[in-house]
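A.B. asks: Got a sequence here, can you build the structure:
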Amino acid sequence: MTVTAPALFCMFMLLCTTGWCTDRASVGVNLHQLPQDWREDSGEPLPLARLLGHRVVMTMAYAGCHRVCPAAIEALRQMQQRADARGEVIEFVIVGYDPVNDTPGVWHRFRSNRHLDRANWHFLYGPAAAVERLAGQLGFPFWKYDEHFIHESRAVLFDAQGDERDALVPPAARWPDAL
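C.D. replies: Below you'll find the model as predicted:
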C-alpha cells in the first residue's frame with residue numbers, strides 16, 4: 001500500500017488532535033536518566049552521559065524520511081553555524097526511530113551525503129526498547145505505518161550538566177534562535 005504525503009499529514013494531524021503531540025507537563029530529564037545503549041554510525045558505543053560538559057541538542061529522525069527529518073537536520077545545521085559564530089561547542093545528537101533500518105552504514109551514508117562529518121554530530125542507533133523509552137521520556141510521539149514513521153519535528157536542549165532546558169517544536173520557535 002502506497003501512502004501519499006497528504007495521507008501522512010492527515011494521520012499526523014489525527015495524532016496531534018488526540019493528544020499525542022502535546023508538550024509534556026514538565027521538563028527536567030537528565031542525560032543520565034535516558035537510555036545509554038547507543039552506537040554511533042561508526043559502530044562505536046556512545047552512552048549519552050559521555051556528552052556531559054557540553055550543551056547537547058537532541059532530535060529523533062529516520063534515514064528514510066524525505067520531509068520532516070531533512071528539515072530538522074537543516075535547522076540543526078543552522079544551529080551549528082550560530083554556535084560556531086560564538087565559538088561554542090555543542091553536541092548534536094540524532095537518534096534513529098527505526099532500529100531495523102537505521103543501521104550504522106545507513107546513518108554513515110546519511111551523514112556523509114549531507115556533509116555532517118564533524119565530530120560533534122552523532123547519529124545513533126539502538127534497540128527498539130531504548131528508542132521507545134527515549135521517545136517517551138523526551139516527548140517524541142511516533143508510530144510506524146508501513147515503511148513510514150509518523151512523527152513531529154522536535155528538538156530537546158540540554159545544558160552542560162546534562163539537564164534538559166528546553167523543548168523546541170515548530171512552529172512555536174525557530175530552532176537556531178534557541179541557542
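A.B. asks: Can you name every helix or strand that the one helix or strand Gln81 maps to contacts?
C.D. replies: Per DSSP states H and E, Gln81 falls inside helix 68-86. Other elements packing on helix 68-86 under the criterion 3 or more C-beta pairs under 8 Å, 6 or more residues apart in numbering; DSSP states H and E are strand 55-61, strand 90-96, strand 155-158. For every residue, glycine as well, the C-beta is placed using N, CA and C.
A.B. asks: Can you list the low-confidence ranges for this structure?
C.D. replies: Under the criterion pLDDT under 70, the flagged ranges of the chain are 1-27, 143, 145, 148-151, 171-173.
A.B. asks: on that earlier part again, quick one, which of the helices and strands packed on helix 68-86 is nearest to Val131?
C.D. replies: strand 90-96 (6.9 Å; C-beta to C-beta).
A.B. asks: Show the residue spans covered by the helices in this structure.
C.D. replies: 5-17, 68-86, 104-113, 128-138 (DSSP state H).
A.B. asks: Could you save those as JSON lines and add columns showing distance to Leu51?
C.D. replies: As requested, those are exported to JSON lines (distance: least, C-beta to C-beta, whole Å):
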{"stretch": "helix 5-17", "distance to Leu51": "30"}
{"stretch": "helix 68-86", "distance to Leu51": "14"}
{"stretch": "helix 104-113", "distance to Leu51": "17"}
{"stretch": "helix 128-138", "distance to Leu51": "14"}
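A.B. asks: Perfect, that will be all.
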